[in-house]
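*Asks:* Give me the fold of what follows.
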Amino acid sequence: MINARALKLEQAITDIELLDRPGCLDHWREVFGHPPPKYLSPQFMKRALIWELQNQMLGGLSAKTERQMKQIASGKAPTAMAKPGSHLVREWNGRTYQVEVIDGGYVMDGKTWQSLSAVARHITGARWSGPRFFGVQ
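*Replies:* Sure, this is the predicted structure:
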């Protein structure tokens, strides 16, 4: 059985899908408090309006996802980090290096390092981005 909230959401989505361009423009101003950027297609506006409606009725993104989205939007993409217990492997100058990810650091050859970049620097003797060196970016 479909509950009342689901029916209300379904009807609101249908209403948005039936909007023409002027209707999209008006609804956008009502929802977001300002006109949409120029040259947005009605189809794109409908998708954005439906997305916002779903966020309002069903809950939005988690705080962590919101932060990551803002980082990406500002041009600062978050670094993909390996989870504790993961093993990173890299071959360099004929030798294979294995690093274990632990809470708060990395372990290689029995020594604990605070950053993956410090491990990469130790291996190469040069300044490297640790995540890039180990391919976790």
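*Asks:* In the longest helix anywhere in the chain, which of the residues would be classed as buried?
*Replies:* Scanning the chain for the longest helix, with DSSP state H as the assignment, gives helix 42-58. Using 16 or more other C-beta atoms under 10 Å as the test for burial, helix 42-58 gives 45-46, 48-49, 53. All C-beta spots, glycine's among them, are computed from the backbone N, C-alpha and C.
*Asks:* ok, Val31 - how many residues close by?
*Replies:* A count of neighbours around Val31, defined by other C-beta atoms under 10 Å, yields 15.
*Asks:* An error on my part: the question was meant for Gly135.
*Replies:* Other residues close to Gly135 by other C-beta under 10 Å number 10.
*Asks:* so which strand or helix has the residue lying closest to it once chain neighbours are set aside?
*Replies:* Leaving aside its sequence neighbours, Gly135 sits nearest to Arg90 (C-beta to C-beta, 6 or more residues apart in numbering; 7.4 Å). With secondary structure defined by DSSP states H and E, Arg90 is part of strand 87-92.
*Asks:* buried sites along that strand?
*Replies:* 88, 90.
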